[in-house]
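# Predicted structure and sequence below. I'll ask about it afterward.
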Amino acid sequence: MPDYLHLQERWIKFSTRTTIPNPHILWENFLVLYSEPDRHYHNLSHIEDCLLKLDHWTPLPSRTQRDIIELAIWFHDIIYETERNDNEESSAALTSYYLRGHPLTSKCNALILSTAHHAISAIKAEQIMCDIDLSILGATPEQYLKYSQNIRNEYSWVGTINYAEGRTRVLKKFLLRDNIYLTNHAKNKWEKQARINIQNELNNIEKSTPLTED
C-alpha cells in the first residue's frame with residue numbers, strides 16, 4: 001500500500017480548520033474504504049490527484065467554495081462498487097452520517113451527487129467538482145492508458161463483449177457533448193486531449209474486442 005502520510009496530514013489540517021468531527025477516525029475509514037482490493041482507480045491516489053487539481057485551479061474559488069469542493073473530493077467515492085448504480089447517493093448518505101449535521105454537509109452532498117455526471121449544472125462549485133472528477137480524461141496518453149486499464153480491472157467481473165459495449169456507450173456520450181468540460185479552466189487545459197484519448201480508447205476497443213464472448 002502506498003504511503004499516504006502526506007495525505008493524512010492534509011486531511012487532519014483541513015478537518016481541524018473546518019471543524020469536521022472525529023477527523024482521525026474518519027481518516028481510518030478513508031484508508032479502509034479507499035483501499036478496498038477492487039479499487040484500482042477509485043482509491044486514495046484518485047483523491048490526491050483531485051485535490052492537486054483543486055490547488056492549481058484558476059481563477060481560485062473563494063475560501064468557502066474551496067472548502068466545500070475539498071470536502072466533497074474527500075467523500076465523493078467513499079462508496080464505490082461497480083455492481084451497483086447508486087454509488088453517488090450512497091456516498092452522500094454516508095457523508096451525512098459521518099459529518100453529523102456539519103454546516104457544509106448539504107452543499108458537500110450536492111457536489112457528490114453531481115459527479116454522477118447525468119446533467120450539466122449551472123452552479124459553479126458543481127461545475128468545478130465535475131471537471132476535476134473528469135480531469136483524468138485529459139491526461140497524457142500514458143496516464144490515460146493506465147486509467148483505462150484500471151477501470152477495466154475494476155470491472156473484471158464483466159465479460160469482454162459486455163464491457164466493450166458498456167464502455168463504448170459511456171465514452172461516446174462524452175464525445176457527443178458540445179464540451180466535455182464545463183469551466184473555461186478545464187476546457188483550455190483538458191478538452192482537446194480528452195477527445196483524443198477517448199477516441200483512441202474507442203478505436204482500441206473496436207480493434208481488440210472479439211466477435212464472440214470469451
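On my side now, so go ahead.
# what about the helices in the protein?
5-17, 23-33, 44-55, 63-75, 87-99, 105-114, 124-133, 141-154, 160-176, 184-186, 192-208 (DSSP state H).
# Out of the ones you listed, which gets nearest to Glu81?
helix 87-99 (6.5 Å; CB to CB). C-beta coordinates here come from the backbone N, C-alpha and C atoms, glycine included.
# how big is the angle separating the closest one from helix 23-33?
If you take axes from the mean of the first three to the mean of the last three CA atoms, to 10 degrees, helix 87-99 sits at 150 degrees to helix 23-33.
# Could you dump the helices of the chain into JSON lines and include mean pLDDT and distance to Glu81?
Compiled in JSON lines, those are given as follows (pLDDT from 0 to 100; distance: least, CB to CB, whole Å):
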{"stretch": "helix 5-17", "mean pLDDT": "97", "distance to Glu81": "23"}
{"stretch": "helix 23-33", "mean pLDDT": "97", "distance to Glu81": "11"}
{"stretch": "helix 44-55", "mean pLDDT": "98", "distance to Glu81": "15"}
{"stretch": "helix 63-75", "mean pLDDT": "97", "distance to Glu81": "16"}
{"stretch": "helix 87-99", "mean pLDDT": "97", "distance to Glu81": "7"}
{"stretch": "helix 105-114", "mean pLDDT": "96", "distance to Glu81": "15"}
{"stretch": "helix 124-133", "mean pLDDT": "96", "distance to Glu81": "17"}
{"stretch": "helix 141-154", "mean pLDDT": "98", "distance to Glu81": "9"}
{"stretch": "helix 160-176", "mean pLDDT": "96", "distance to Glu81": "16"}
{"stretch": "helix 184-186", "mean pLDDT": "97", "distance to Glu81": "28"}
{"stretch": "helix 192-208", "mean pLDDT": "97", "distance to Glu81": "23"}
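# Export the ones you listed as TSV, with columns for mean neighbour count.
Compiled in TSV, the helices of the chain are given as follows (neighbours: other CB atoms under 10 Å):
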stretch	mean neighbour count
helix 5-17	14
helix 23-33	14
helix 44-55	18
helix 63-75	21
helix 87-99	18
helix 105-114	22
helix 124-133	23
helix 141-154	15
helix 160-176	14
helix 184-186	19
helix 192-208	15
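# who are the neighbours in contact with the residue nearest the centre of the chain?
Nearest residue to the geometric centre of the chain (CA atoms, centre = their mean): Asp133, 3.8 Å. Counting by CB atoms under 8 Å, 6 or more residues apart in numbering, Asp133 makes contact with 50, 76, 115, 117.
# And it, how close does it get to Asn22?
Counting by CB to CB, to the nearest Å, the gap from Asp133 to Asn22 is 26 Å.
# Over to Tyr34?
Separation of Tyr34 from Asn22 (CB to CB): 17 Å.
# Equivalent analysis for Ala119, please.
Distance, Ala119 to Asn22, by CB to CB: 33 Å.
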